[in-house]
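Q: Provided below are the primary sequence and the corresponding predicted coordinates.
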Amino acid sequence: MAMAVQRLYKDAQVTIGPWIDRGFYYDFDIKTPLSDKDLKAIRKEMQKIMRMNLPFVREEVSPEEAEARIKAANEPYKLEILGSICARDPVGPITIYHIGETDHPAHWWDLCAGPHIESTGSISPDAFELESVAGAYWRGDENNAMLQRIYGTAWETPAQLAAYQQLKIEAARRDHRKLGQELDLFSIQESAGGGLVFWHPKGAIIRHIVETFWKDLHLARGYDLVYSPHIAKVDLWKTSGHFDFYRENMYDQMVVEDEQYQLKPMNCPFHVAIYKAGYFSYRDLPKRWAELGTVYRYERSGTMHGLFRVRGFTQDDAHIFCLPDQIATEIRRVLDLVEEVLSAFGFTKYEVNLSTRPEKHVGEEEIWDVAESALTEALNAKGWSYLVDDGGGAFYGPKIDIKIQDAIGRKWQCSTIQLDFNLPHRFDMTYVDANGAKQRPIMIHRAIFGSMERFFGILVENFAGAFPLWLAPVQARLLPVNDTVLPYVTEIAACMRTAGIRAEVMERASIAKMIRTAEKAKTPVMAVVGAKEAESGSLAVRLYGGADLGSLPADEVISRITTANQTKGSF
């Protein structure tokens, strides 16, 4: 693509062009503003290059030679990239990839690590697409030049491309930002500030149901609930290390009575503070503390995306403080809880990754060995298949990441289980062992949803807004045929609400219009009520999607919905 762009736009300067999930992009510095219309010409030029069947030729050069060639080509961004490569690995290889032999009229080259396929002819000219153009700051820094980013996707066959394009259409239909507005679930109002979520009544009741389920299950599984402040003195964040290593994602400090306070970007130091307020022996551990804690992180305006990336969000945080020989048992308990929670929402397919110690890390080698062995033991006992990211762990401990698969096959990062050897040391956390000596507890961070906002967005897209009966903001809508049946309809609605069912009586209109309105709102159960139903104490039930169940006793309808609420089942 970069070759095609430079053939069409002689002033274009190239920067970076990585692969990403389901595609790729390349950033260009071009004076001419590109539009989606220009992508057709670029795609056509790419097809010409593919049909030339030019070879990809790897060449290893010295840093000095690479610098000379890049300067001659007037590519300042590539020069900066070369500098970064040399700084990161002064003795590493510098590679240039040529498209075509150097004596070919169409020859083109780029600074690239590779590897590549054998030739441009290996790519099907009918199995790729250029999708969109967007702005992007060089190096992601808003103080740098604004570049033009072209997104694309490539597949082995046209059939695979067509399947991907169909998936995109389906994903657009499920977009939580669109459905959130159509179903009146939430809003993000720029007048109040970007990345700040306003939960509307229908979205708020779903959140309430999810949170109540989460809290009740945690209490039943041996956790205690805690609550913590939204701000703390800067000193706390300096002790935790966040002020030094995470400052760019934190909001500016506020001054209160000549002392600096900080909005919290994390909940973990607060749970540590609760631990520090007590005195524990080995007999008291493990301690399992859970909190739905709201945090605030600075995100650039260009990076925010609906509920998936916001500035204020609620994490379903929990921290476990335990002994070294309790790690495997506790991790297995967490894995069981993760499965229990996620499966309640219909997520039963997971991708599990175990990330182990990086080259630079804190903590003794012995405790890393114990921790990694415990994580492996717990995963094996669970019977889940998993991938190992060797050296991919955080500097302060190994971790397990769990991605869920949604209704259309997309994978979403949700659950994380992270061991931490850093905070217990920084805060001098201790417990008293069997010999009366002070020891460091093991700290385990874990989240199942990740954040309420992001998980809610995933739920909206997974169900395409048609929530299962137990989660639906309005579970049953009563459709009165005429005003004569209103007293009966009102009585049934009151009985439903008493039974914990979220029911509404629709405003009188034609039956067809009321059904269309209820269908548009994706109501799980619609009950048409005429004179016959009022006289017999029944409801003519219709389910979302068109299934007509006919006339059922009102008590049976109430019982079925109540059972669905208890079992998280269907009507």
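A: Everything's here; your move.
Q: and Glu291, how many neighbours does it have?
A: A count of nearby residues for Glu291, using other Cβ atoms under 10 Å, gives 23. Any C-beta I mention is one placed from the backbone N, CA and C, and that applies to glycine too.
Q: Let's verify it: helix, strand, or coil?
A: strand (DSSP: H, G, I helix; E, B strand; the rest coil).
Q: in stretch 284-304, what counts as buried?
A: 285-297, 304 (16 or more other Cβ atoms under 10 Å).
Q: again, but for stretch 368-378
A: For stretch 368-378, using 16+ other Cβ under 10 Å, the buried residues are 368, 370-372, 374-376, 378.
Q: again, but for stretch 249-262
A: In stretch 249-262, counting by 16+ other Cβ under 10 Å, buried: 250, 253, 261-262.
Q: okay if I get those as JSON lines plus secondary structure and pLDDT?
A: Below are the buried residues of stretch 249-262 laid out as JSON lines (DSSP: H, G, I helix; E, B strand; the rest coil; pLDDT from 0 to 100):
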{"residue": "Met250", "secondary structure": "coil", "pLDDT": "88"}
{"residue": "Gln253", "secondary structure": "coil", "pLDDT": "91"}
{"residue": "Tyr261", "secondary structure": "strand", "pLDDT": "96"}
{"residue": "Gln262", "secondary structure": "strand", "pLDDT": "93"}
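Q: Taking those residues, tell me the two that lie furthest apart.
A: Greatest spatial distance in the buried residues of stretch 249-262: Met250 and Tyr261, 11.7 Å, computed using Cβ to Cβ.
Q: Do me a favour and get the backbone dihedrals for Thr348.
A: phi -130, psi 0 (degrees, to the nearest 10).
Q: how far away is it from Leu161?
A: In this view, Thr348 and Leu161 are 29 Å apart by Cβ to Cβ, to the nearest Å.
Q: Also Ala154?
A: 8 Å.
Q: repeat for Lys37
A: Lys37 sits 20 Å away from Leu161, going by Cβ to Cβ.
Q: Those two: who's more crowded?
A: Leu161 (18 against 8).
Q: Just the strands from the stretch 101-250 of the chain, written as ranges.
A: Using DSSP state E, counting those that start in this stretch, the strands found in the stretch 101-250 of the chain span residues 108-111, 128-137, 146-154, 186-188, 197-199, 224-225, 231-233.
Q: May I have the strands that pair with the third one, each with its orientation?
A: Right, the one you point to is strand 146-154. strand 23-29 (antiparallel), strand 128-137 (antiparallel) (DSSP bridges).
Q: before we move on, what about the last one?
A: Here the strand partners of strand 231-233, with direction, are listed using DSSP bridges: strand 259-263 (antiparallel).
Q: next one: the shortest one
A: Strand 224-225 has the following strand partners under DSSP bridges: strand 287-296 (parallel).
Q: The stretch 101-250 of the chain: helices as residue ranges?
A: Secondary structure of the stretch 101-250 of the chain by DSSP state H, counting those that start in this stretch: the helices cover 158-173, 176-182, 201-220, 234-240, 242-245.
Q: Same list, those, but as CSV with mean pLDDT and distance to Asn53 please.
A: Shown next, in CSV, are those (pLDDT from 0 to 100; distance: least, Cβ to Cβ, whole Å):
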stretch, mean pLDDT, distance to Asn53
helix 158-173, 95, 18
helix 176-182, 97, 43
helix 201-220, 98, 54
helix 234-240, 93, 57
helix 242-245, 86, 50
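Q: Between the strands paired with strand 146-154, which one is closest to Glu535.
A: strand 128-137 (59.1 Å).
Q: beta partners of Asp316?
A: Beta-bridge partners of Asp316, as defined by DSSP bridges: Leu292.
Q: Quick one: residues contacting it.
A: With contact taken as Cβ atoms under 8 Å, 6 or more residues apart in numbering, Asp316 is in contact with 214, 290, 292, 447-452, 455.
Q: Equivalent analysis for Pro524, please.
A: So Pro524 contacts 466-469, 472, 475-476, 543-544, 571 (Cβ under 8 Å, 6+ apart).
Q: now swap in Thr490 and tell me
A: Val505 are the contacts of Thr490 under Cβ under 8 Å, 6+ apart.
Q: All further residue positions should be reported with the first residue as 320.
A: Renumbered: residue one is now 320, and that last one reads Thr809.
Q: From Val707, how far out is it?
A: According to Cβ to Cβ, Thr809 and Val707 sit 61 Å apart.
Q: Neighbouring strands of the helix or strand that Val847 is a member of in the sheet, and parallel or not?
A: Using DSSP states H and E, Val847 sits in strand 844-848. Take DSSP bridges as the rule and strand 844-848 pairs in its sheet with strand 795-799 (parallel), strand 857-862 (antiparallel).
Q: which one of the ones you listed lies closest to Ala446?
A: Of these, nearest to Ala446 by Cβ to Cβ is strand 857-862, at 41.1 Å.
Q: Only C-alpha atoms, please: export the closest one in PDB.
A: Listed next in PDB are the C-alpha coordinates belonging to strand 857-862 (Å, rounded to 0.1, in the frame of the first residue of the first chain):
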ATOM      1  CA  SER A 857     -55.400 -14.400  30.900                       C
ATOM      2  CA  LEU A 858     -52.900 -12.700  28.600                       C
ATOM      3  CA  ALA A 859     -52.300 -13.200  24.900                       C
ATOM      4  CA  VAL A 860     -48.500 -13.600  24.900                       C
ATOM      5  CA  ARG A 861     -46.200 -12.800  22.100                       C
ATOM      6  CA  LEU A 862     -42.400 -13.000  22.500                       C
END
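Q: What average pLDDT does that strand get?
A: Averaging pLDDT along strand 857-862 yields 96.
Q: now that we're looking at Ile844, which residues does it contact?
A: Careful, residue 844 is Val and not Ile. 788, 794-796, 860-863, 876, 880, 890.
Q: hang on, the earlier thing: mutual contacts of Ala473 and Leu480, please.
A: 446-447.
Q: Show me what Tyr345 bridges to in the sheet.
A: Here Tyr345, judged by DSSP bridges, has bridge partners Ile469.
Q: just checking, it touches Gln325?
A: No - if you go by Cβ atoms under 8 Å, Tyr345 and Gln325 don't touch, sitting 10.6 Å apart.
Q: shared neighbours, these two?
A: Val333.
Q: for the buried residues of stretch 568-581, which one is nearest Leu373?
A: Of those, the one sitting nearest to Leu373 (Cβ to Cβ) turns out to be Met569, at 49.1 Å.
Q: quick one: contacts for the closest residue to the closest one other than its chain neighbours?
A: For Met569, ignoring the flanking residues on the chain, the nearest one in space by Cβ to Cβ, 6 or more residues apart in numbering is Pro584 at 5.0 Å. For Pro584, the contacting residues are 561, 565, 568-569, 614-616, by Cβ under 8 Å, 6+ apart.
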